[in-house]
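S.K.: the following block contains a protein sequence and its predicted model.
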Amino acid sequence: MHIIEMRNITKKFPGIIANDDITLGLKKGEIHALLGENGAGKSTLMSVLFGLYKAEKGEILKNGEKVNITGPSDATKLGIGMVHQHFKLVHNFTVLENIILGVETTKNGVLQMKDARQKVLELSQKYELEVDLDKEIRYITVGMQQRVEILKMLYRNNEILIFDEPTAVLTPQEIEALIATMRNMAAEGKSILFITHKLDEIKQAADRCSVLRKGKLIGTVDVAATSKEEMSEMMVGRKLSLTLTKKTPQIGETILQVKNLTQKGDSQKNKLTNITFDVKAGEILCIAGIEGNGQTDLVNAITGLTAVDSGTVAISGVNITNASIRNRGTQGMSHIPEDRHKHGLILDYNLAYNTVLQNYYKTPFQKMGFLQKGKIREYANQLVERFDIRASEGSNSIVRAMSGGNQQKIILAREIANSPKLLIAVQPTRGLDVGAIEYIHKQLLAQRDEGKAVLLISLELEEVMNISDRVLVMYEGEIVANVNPQNITFKELGLYMAGAKREAAVA
Amino acid sequence: MKGDFMDKFLKGSGLSIVSSVAVVIAGMLLGFIVLFISNASQAPAAIVTILTFGFSSLRNFGDVLYFATPIIMTGLSVGFAYKTGLFNIGASGQFTFGAFVAVYIALNFEFLAPPLRIIAALAAAMLAGALWAAIPGLLKAYRNVHEVISCIMTNYIGMFLVNYLILTTIFDPMRASSQRVPPSTHIPIWGLDSIFTDAVRASPLNASIFVAIFSALLMYIILDRTTFGYELKACGLNKDAAKYAGINENRSIIFSMMISGALAGLGGGMHFLSGAGRTMSVADVLANEGFMGISVSLLGLNHPIGIIFSGVLIAYLQRGGFNIQPLGFAQEIIEIAIAVIIYFCAFVLLVRTQLGNVIAKTAAIFGNFIKFGADKSSKSAKSTKGKAV
Ligand SMILES: Nc1ncnc2c1ncn2[C@@H]1O[C@H](COP(=O)(O)OP(=O)(O)O)[C@@H](O)[C@H]1O
Ligand SMILES: [Mg+2]
C-alpha cells in the first residue's frame, strides 16, 4: 500500500503540458527520488501534491483513500510538507519564529515560545539538524536556512516530506549531512520525495527513482538495481557518456598571468586579496568555490568589467590591467559570462546580430560604417551549423524566444569562433540540462586540446573534478588551494571550499 | 528598399493598417463623446469639421502639413532617443534653443548672403539642440542622473534662458516678442504655395516638410543600417551587454542624446524661419511642440515612418479642432477632445504592440519547444522504449 498515490495527473500551462498523465506511488518510509532535466515537470508535479497547482486531471490518494487538496493548508492537514527550491522564510524573523510561524500557540494573545523552543530543540537534536534558534534568517548560511525549512516540516509533524532540489545550494559536506538526515527521517517512518538531477545523490540516498522527461513519466526503477547510465538515459532519452574521455594535456606557455590582484570591498574586508595565478596554453584551470567567495569579482577584474585596485593582469606577457574591454578582446581574451541574460546577449537582437557583438565594426561585417547584413547572416548561419544551435527562424530568430541551452550555445559559439588564446567560462553549464552540459564540456575540452588556455569558474564539484586539469579553490576572496583533481577527493575539496582547510603555501 | 521598409514597420509593430485605422476611429468616437457632453446640439457638426477640415481644401491640407512639420521633428527626436533606451522629455528645451539660435542668426548675421544664412541658421539650430541635449546625456553617462529629471530641468532652464536672451538681444517691444526675421531668410517655398492654395490665400507650407521626411529616412538608416546605430541600439536594449562587448556605453548615451537634441533643435529653427510671420514670444511657457513629440512618437510606435504619419494625423486633428471654435466650443474642450483621441490611440497601440510582442514571443518559444522536442525525441524514441516503465 502506498502512503501517497498520484494517479493520472495532468497539469497544463499555456502552451505546454507540464505533467502528462503521471502516476506515481510513494511507499511509507522510503526515499523516492524524482529525476529529470530542467523543465521536465518535477516541481510542477510536487506543487500539485502540495496544493499549489490544481491538476486538470487525475487524483491523489492517501493510504488508499481519495483526498482533495485545494491548497497548501489541505496538504499540511494531510501531513504533507515541502521544502521549495527557493526557500520561503521571513528574513527578519529569527529561526525559531520562522519555524513556528502559522502554528504558534498563544495564551491571551501572547506567544508561548517556551514549549515551542523545547520541541524544536528536541527535533534538532534527534535529526542532527544544527540551527541557531535566535539568529535572524538573513544572518545564517543557506545550509542552515534549509535546516530551518526541514525543522518547519518536522515541527508540524509532517510525515510526507517533499524536497525540491535541496542539494543545489549546498557544499559537499552539507549534502552528505542532508542525505544522512533524510535517511534518518526515513528510518523513523517518514516518507520522502527527493527531487534532483544528480545521479550520485540518488544512488546514495534513494530507494526508488521515478524519471520524468518532458512532462511524461518514463518509469520508476529500483535504484540499487539500476545503473547511473541507465537512469541518465531514461532522463535524457539517449545515451550519454557520463565520463568524458580526456587526452593528456599538452601544456604550453603561460597565457594569462594574474599577480597580486586585490580588490577593496565596501567594508574593511577586501573582496579579493592578493590573488596570483597563471593559466597556461593547453590546460583547463578551474576555480572552484561556493558562490559568493569572490569568483565574480575576480572575473570582473580580469575581463575589465570593473577596474582593478591593485595588482596586474597580463595576457601573453602584455599588461592589460587597465586595458579597455575591446582591447582585451583583441589581445585574445574571450569571455562566457556568468549571467548570460545580463551580459552575454542582447535578447531583443536576433541571433545573427548577437554573433557579432564584438566584431560588428570589423570587415567584412562593416563597410564604411554600414552593417553588411548579408555577411553577418552568413557568418551566423555558419555558427548555427557548426554548433548545432536550434532556433525556429534560424539566424533571424529573436534570441529572447530561444531556449536557455541554445542561448548559451550562441555565446559559446561566438566566443569560440573569435579564436581566443584565453577562454574564460563562468558557470557555463548553470541551469542547463544534461545534454547541453555534455556538449559544452566537450567544446571546452576541444578548446584545451587545440592549445587554448581555458579558465573555468564553476560551482559544480562534479564539473570541477571531471574536466579540469588543475583546480584553485577560492574562499572569502583568497585562493586557499591549488590542487590536481586527480590527487584529491570530493570531500577534501569540500573542506577547502568551506574554509575548513587551506594549503600552507598556495602558488 | 522602400517596400521592405514599410513592410518591416508594419510587421515590427505587429499591426495591420486596417486595425490601426480601426483604433483611430474608436478614438474619434471617444472624442466625439467629450464634445457631445459639452454641447450636444453642435457635436455632430463639430466632429464632421474635425474629420473633414484638413481635406476640405488643398490650402487646409497644406496647413496640416505645415503644422505637422515641427511635431514630426520633435517626434523623431523622442523616437530616436527611445530606440536607444533613453526618454528624451527635454525636446521642448532643445526645440526652443534651436529656434532662438536660428532666429538670432537670421536677424544678425548680415554678413552672410540669405541662402547661406538660412543654412548657417539651421545648422546652428541643430548644434544648439545637440548641445542642450548633451547636458542630460553627460549627466546620465558620468553621474548616473536619470535623463528624465535632468531633461525637465533643462527644459525650464532653456525656456528662461531663451526668454532672457530674446529680451536682451532680439526683442521687439512693439510686438512684445522677438523681431520678425527678414523674408529673405525664410525657408524656401519651392512652389508649394501654388499647389496648397485656395481662392483666398496659400498655405505657408515650405521646404521644411521635406527636411522632416529626409530626417526620418536618415534616422532609419542610421539606426538600422550602420554600425553606429548597432551600438546605440545595443546600449539601449542592454547596457551591460554592450559594455561587456566593448562598446563605449557612455559615449553612446551622449551621442544618442545629441542626435535627438539636434532633431528637436532643427525642428525649432525651421519652425521659426518658416515665414507666416512667426516670432518667438517671451511667455513663461514651455514649447508645446516638445511634448507633442512624445505623443507623436508614441503613436508612431517610435518608428520614423510611423512618426511621419502620426505627426500628420495629430496636426490634422488639431487643425480641425481649431476650426470648431466658431461652433461655440471652448478652446479647452477642443483640446481635451483632441487629447482624448490621441491618447486613446496611443494607449491602444502601445498595449497592442506589447501584447503582440508577448504573443509572438510565446508562440516562438512554443514553436521552438515543439521543434526541438520533435527532433530530439524522434532520434531517441527507439533507444528507450524497451526500458521505460
Ligand atoms: N507557473 C507556470 N506557468 C507557466 N509555465 C510553467 C509554470 N511553472 C512551470 N512551467 C513550465 O512547465 C514546465 C515544467 O516546469 P517545472 O515543473 O518547473 O520543471 P522542473 O522542476 O522539472 O525543472 C516548464 O516548461 C516550465 O516552463
Ligand atoms: Mg524545478
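M.R.: That came through fine. Numbers count the residues shown, from 1 in each chain, chains lettered A, B, ... in the order given. Ligands and ions are numbered 1, 2, ... in the order given.
S.K.: every contact and neighbour count from this point should use C-alpha atoms.
M.R.: Noted.
S.K.: spatially central, which residue of the chain would that be?
M.R.: Because you didn't say which chain, this covers chain A. Of all residues in chain A, the one closest to the mean position by Cα atoms, centre = their mean is residue A:430, 5.0 Å from it.
S.K.: can you look at chain B instead?
M.R.: The residue lying closest to the centre of chain B (Cα atoms, centre = their mean) is residue B:75, at 0.6 Å.
S.K.: picking that back up, distance check, the residue nearest to the centre of chain A against chain B.
M.R.: From residue A:430 over to chain B the distance is 19 Å, taken as Cα to the nearest Cα, to the nearest Å.
S.K.: tell me the secondary structure for that residue?
M.R.: When classified by DSSP: H, G, I helix; E, B strand; the rest coil, residue A:430 comes out as coil.
S.K.: about what we covered before: check which helix or strand covers the residue nearest to the centre of chain B.
M.R.: Assessed by DSSP states H and E, residue B:75 sits inside helix B:58-83.
S.K.: go on, residue A:375?
M.R.: Applying DSSP H and E, one finds residue A:375 within helix A:373-387.
S.K.: can whatever helix or strand comes next after that helix be found next to chain B?
M.R.: Beyond helix A:373-387 in the direction of the C-terminus, DSSP H and E gives the next helix or strand as helix A:404-417. No - judged by Cα under 8 Å from any Cα of the partner chain, helix A:404-417 stays clear of chain B, getting no closer than 10.2 Å.
S.K.: just stretch A:321-340 next, same as before
M.R.: Yes - contact of stretch A:321-340 with chain B (Cα under 8 Å from any Cα) involves A:324-326.
S.K.: okay, now the unreliable bits of chain A?
M.R.: For chain A, the stretches with pLDDT under 70 are A:240-243, A:504-507.
S.K.: what parts of it come near ligand 1?
M.R.: A:13, A:18, A:36-44 (Cα under 6 Å from any ligand atom).
S.K.: 8 Å - rerun?
M.R.: For chain A, the contact set with ligand 1 under Cα under 8 Å from any ligand atom comprises A:12-14, A:16-19, A:36-45, A:164, A:212, A:214-215.
S.K.: hey, where'd the strands end up in chain B?
M.R.: Using DSSP state E, the strands found in chain B span residues B:171-172, B:177-178.
S.K.: of all those, which lies closest to chain A?
M.R.: Evaluated with Cα to the nearest Cα, the strands of chain B place strand B:177-178 nearest to chain A, the distance being 42.1 Å.
S.K.: state the mean pLDDT of stretch B:168-184.
M.R.: Averaging pLDDT along stretch B:168-184 yields 91.
S.K.: what's near enough to touch residue A:131?
M.R.: A:95, A:124, A:144, A:147-148 (Cα atoms under 8 Å, 6 or more residues apart in numbering or on different chains).
S.K.: before we move on, back to that, out of the residues of stretch A:321-340 next to chain B, which is most surrounded?
M.R.: residue A:325 (23 neighbours; other Cα atoms under 10 Å in any protein chain shown).
S.K.: for chain B, what are the nearby residues on chain A?
M.R.: By Cα under 8 Å from any Cα, the residues of chain A that approach chain B are A:15-16, A:218-221, A:233-234, A:237-238, A:305, A:324-326, A:342-346, A:348, A:357-358, A:360-361, A:366, A:369-371, A:390-392, A:400-403.
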